[in-house]
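J.: Pasting the sequence and the predicted model now:
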Amino acid sequence: RLERLLGHWRERLTGLTPLELPTDRPRPPVWDGSGDVVRFDLPAELVTAVDGLARSRRVTRYMVLLTAYQALLGHWSGRTDVAVCSTLADRAQRGAAELIGPLVNTVVLRTDLSGRPGFDTLLERVRRRVPADLSHAEAPFDLVVGALGGSRDLSRHPLAQASFTLLNSPIRPVRMADLDVALVEPPLTETPLDVFLDLTLRTDGSIAAILQ
């Protein structure tokens, strides 16, 4: 089963080259993760419009936002072959659903932007590819990297230099008897990739975005 999973990723990711984004500083010879963060919101009205587009094209909110993100990365880089990492919950195994802890795995989603496609065409390409990729998401990321071979570049994350994550379950307030509880977000000063986009749905229908 593992070999079948790795075979899928060999077929999908062979020949993938690094995404070169237009930065204002040279890349360090060894990645140190130094960076900053920009926080912004996608208002509920925009999220509603995204969901309407998703329903009309028979895709998911995740696919619409992923397509927009990859189109933007393609515009920034001038590339027609764009791959991003996406972190997914890895709780499919029996007994894992109730375990405490971040059981996650990383998958690489690659999209062909060649031929100057319109958004509908690009969304259709994502719709055709993403379900198959996600169905092979159990392959551990480090084994996927090893299966593809090649030498490691210490100046960048392997396989993809951009990340996209969407949390569709709103984070609800924590309540404890006789205690005042507040969520405290730690400062974000490092990132494992060149660009890291994290989206979280709020209870009011808007999406909180963190771009590192």
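T.: Sure thing, it's come through. Residues are numbered from 1 along each chain as shown.
J.: Relative to residue 148, how far out is residue 63?
T.: According to CB to CB, to the nearest Å, residue 63 and residue 148 sit 25 Å apart. C-beta: built from backbone N, CA, C; applies to glycine.
J.: which of those two has more neighbours?
T.: residue 63 (22 against 18; other CB atoms under 10 Å).
J.: where in this structure is pLDDT low?
T.: By pLDDT under 70, the weakly predicted segments of the chain are 90-97, 101.
J.: So which residue of this protein lies furthest out from the middle?
T.: Largest separation from the mean C-alpha position in the chain: residue 178, at 38.6 Å (CA atoms, centre = their mean).
J.: Now do the contacts for it.
T.: By CB atoms under 8 Å, 6 or more residues apart in numbering, the contact list for residue 178 is empty.
J.: so how many other residues sit close to the residue nearest to residue 183 when sequence neighbours are not counted?
T.: Nearest residue to residue 183, sequence neighbours excluded (CB to CB, 6 or more residues apart in numbering): residue 174, at 6.9 Å. Using other CB under 10 Å, residue 174 is surrounded by 9 other residues.
J.: wait, doesn't residue 174 sit right on residue 184?
T.: No: applying CB atoms under 8 Å, one finds residue 174 not in contact with residue 184, separated by 11.2 Å.
J.: What is the strand or helix carrying residue 105 packed up against?
T.: Element membership for residue 105 (DSSP states H and E) is strand 104-112. Strand 104-112 is packed against helix 2-13, helix 61-77, strand 81-89, helix 119-134, helix 141-148, with contacts defined by 3 or more CB pairs under 8 Å, 6 or more residues apart in numbering; DSSP states H and E.
J.: Please report how far residue 117 lies from residue 186.
T.: Using CB to CB, residue 117 is found at 40 Å from residue 186.
J.: what do you get for residue 52?
T.: 36 Å.
J.: Compare those two (neighbour count), which wins?
T.: Neighbours were counted for residue 52 and for residue 186 using other CB under 10 Å; residue 52 has more, 11 against 5.
J.: Now do the contacts for the residue nearest to the spatial centre of the chain.
T.: The structure's the chain has its C-alpha centroid closest to residue 164; by CA atoms, centre = their mean the separation is 2.2 Å. Residue 164 makes contacts with 65, 66, 69, 84, 85, 86, 109, 197, 199, as judged by CB under 8 Å, 6+ apart.
J.: ok so, going back, for residue 8, see how far away the residue nearest to residue 183 is.
T.: Distance, residue 174 to residue 8, by CB to CB: 39 Å.
J.: now swap in residue 173 and tell me
T.: For residue 173, the distance to residue 8 - CB to CB - is 40 Å.
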